[in-house]
Each structure stands twice: as C-alpha cells, then as structure tokens.
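Enquirer: next input, structure requested:
(chains A, B and C)
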Amino acid sequence: MESAPLLKVFRLLYDHFGPRHWWPAETPFEVIVGAILTQAVSWRNVERAVANLKARGLLEVEALAAVDEETLAGLIRPAGYYRVKARKLKAFVAYLHGSYGGRLEAMLSRPLGPLREELLSIYGIGPETADSILLYAGGYPTFVVDAYTHRVFHRLGFFPARMAYEEMRVFFLERLPPDVSLFNEYHALIDELAKSLCRRWEPLCGGCPLATLCPQAGIKGETP
DNA sequence: GCCCAGGGGGCTC
DNA sequence: GAGCCCCATGGG
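Expert: Below is the predicted model of the structure:
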C-alpha cells in the first residue's frame, strides 16, 4: 500500500482537531517519567502524580535516584499500580546512572536502533513506552502504537482484529515519510480521536472526522 | 456498588 | 508465541 491513505487520515484528523502540542511536559526527563506513569491509565490520573513529584523536586534524575522507593510509591498513588510503577521509575534511573552517569543527553545522543533495544531491556519499559520515550523525549523518528491506534485502524479496515505491536509500528514507518513532527502529531491525533469518539460504534459515525473513510459507518455496537 | 480502562511482566502450555 | 492473571486508581 502507498502512503496516500495514511496521509489522508492524518489530514482529516489534523484539520478537525488541530495541532495537539505533545508531549505535555517541560523536560525530556519529565516525558520519560510521564510515559511510565501513564501505562494502562489515562493521562488525567497521571497529572496529579506528576504534580506531586514536581512539588517535591523529583522530576530530576538525581533527586529521583535519591528518594526511597516507598516514598516515591506514595507520591504516585493517583496514577495507579503505584508500587510497580515506583519500581519501574527506579529501574530507569538506575539504568541511566549505570550506563550514562545519569546524563540523559548522553543516552539521547545514541543511534535509534541500539537505544531502542537498550530501553526494551529495562524493567518496566515495553515497546509503547520505549517508542514514546524515543519520539517525545528524544525526537527520534519512530511511531508510537497503542490500543487506540489498533482500535481506530481496525475500524478503518487497515488492521485485522489481532496484530502484533511491531507489525503495526512497521506498517506506519514503511508508509510515511520519516518526519518526526508528523509522527508526533499523528499519534497524538489518534489518541484524541479515540478518547473523544471511539468508545462505541454509533458516535463514531456522528461527527467523526473519519466517517467518510469508515467501512463500519452505520453499524451500532460496542468496541471490539 | 459495579464495571471498565489498558501497558508490561511473568507464568503456563 | 498465544493466553491468562496480576498490578490499583479514578470515572461512568
């Protein structure tokens, strides 16, 4: 398949929602912390956890490395799964110290391929979190896939009911120009669409910017 | 009060 | 490599 259909989807979403200005964070390190905290949870839950960390000056590598895990867990409670996420945050800063002397710039100056493999080897960092870190903290040209991405592109008829993460990522990378700002906006726009309209079949048809492309238009029912 | 969201680890087969 | 359960909160 060529790139035209994917660019058409992008254009419809962009014209409808406008630029999303992702990622909502002030520093690359804050992006990484947010990417771990938002796992399996909506961003709304994460905001309070991030505010707690910010108030304690813990959105910096050294400070996060110094705080004990239990205290950390208590602060990130609103984000859910707080014990495992505290362990994940600790695992990341331990890796950053061990491999880069705590210098995020050093980590983010490595080539995409090897760095992605490295991130995936860290406890708590799977494919989606790795790609979020690479794209939104490091400005690397990779595509972030999530459950919303699968849901939307399954509805549109691009994806089968089940599809592996890596297959979906490659699907986009092979069909889109390697443009970091395009990848940045595309994922953010999919997220926005899925949050606002894709809970059920019916509202997808009314007011959905992709309704003209959707083979499911007119079908009522639950999310698959 | 109940059900749902949804990424990653760890286990089983 | 697919299927299952676990982690915990907040919102409908």
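
Enquirer: report the mean per-residue pLDDT for stretch A:208-222.
Expert: Here stretch A:208-222 scores 70 as its mean pLDDT.

Enquirer: my bad, should have said stretch A:132-141
Expert: Averaged over stretch A:132-141, pLDDT sits at 98.

Enquirer: how much space separates A:R155 from A:Y82?
Expert: According to Cβ to Cβ, to the nearest Å, A:R155 and A:Y82 sit 33 Å apart. Every residue, glycine included, has its C-beta placed from N, CA and C.

Enquirer: once you drop chain neighbours, what's closest to the residue nearest in space to the middle of chain A?
Expert: The centroid of chain A falls nearest to A:S132 when counting by Cα atoms, centre = their mean (4.5 Å). Nearest residue to A:S132, sequence neighbours excluded (Cβ to Cβ, 6 or more residues apart in numbering): A:A35, at 4.3 Å.

Enquirer: likewise A:A94?
Expert: Nearest-residue entry for A:A94: A:A65, 7.6 Å, with adjacent residues in sequence omitted and distances by Cβ to Cβ, 6+ apart.

Enquirer: kindly report the same for A:H150.
Expert: A:F159 (6.0 Å).

Enquirer: show me the shaky parts of chain A.
Expert: Across chain A, the ranges flagged by pLDDT under 70 are A:1, A:197-206, A:216-224.

Enquirer: so which bits of it are right by DNA strand B?
Expert: Neighbours of DNA strand B within chain A, by Cβ under 7 Å from any atom of the strand: A:39-42, A:80-81, A:84, A:122-130, A:146-148, A:165, A:194, A:223.

Enquirer: in PDB, list the C-alpha atoms belonging to stretch A:151-165.
Expert: Extracted C-alpha coordinates of stretch A:151-165, given in PDB (Å, rounded to 0.1, in the frame of the first residue of the first chain):
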ATOM      1  CA  ARG A 151      -8.800   0.300  17.600                       C
ATOM      2  CA  VAL A 152      -9.000   3.100  15.100                       C
ATOM      3  CA  PHE A 153      -7.200   1.400  12.300                       C
ATOM      4  CA  HIS A 154      -9.000  -1.800  12.800                       C
ATOM      5  CA  ARG A 155     -12.300   0.100  12.400                       C
ATOM      6  CA  LEU A 156     -11.000   1.700   9.300                       C
ATOM      7  CA  GLY A 157     -10.200  -1.700   7.800                       C
ATOM      8  CA  PHE A 158      -6.400  -1.300   7.800                       C
ATOM      9  CA  PHE A 159      -5.700  -3.800  10.600                       C
ATOM     10  CA  PRO A 160      -7.000  -7.300  11.500                       C
ATOM     11  CA  ALA A 161      -8.700  -7.900  14.800                       C
ATOM     12  CA  ARG A 162      -5.300  -9.000  16.300                       C
ATOM     13  CA  MET A 163      -2.000  -7.600  15.200                       C
ATOM     14  CA  ALA A 164       1.400  -7.600  16.900                       C
ATOM     15  CA  TYR A 165       2.800  -4.300  18.100                       C
END
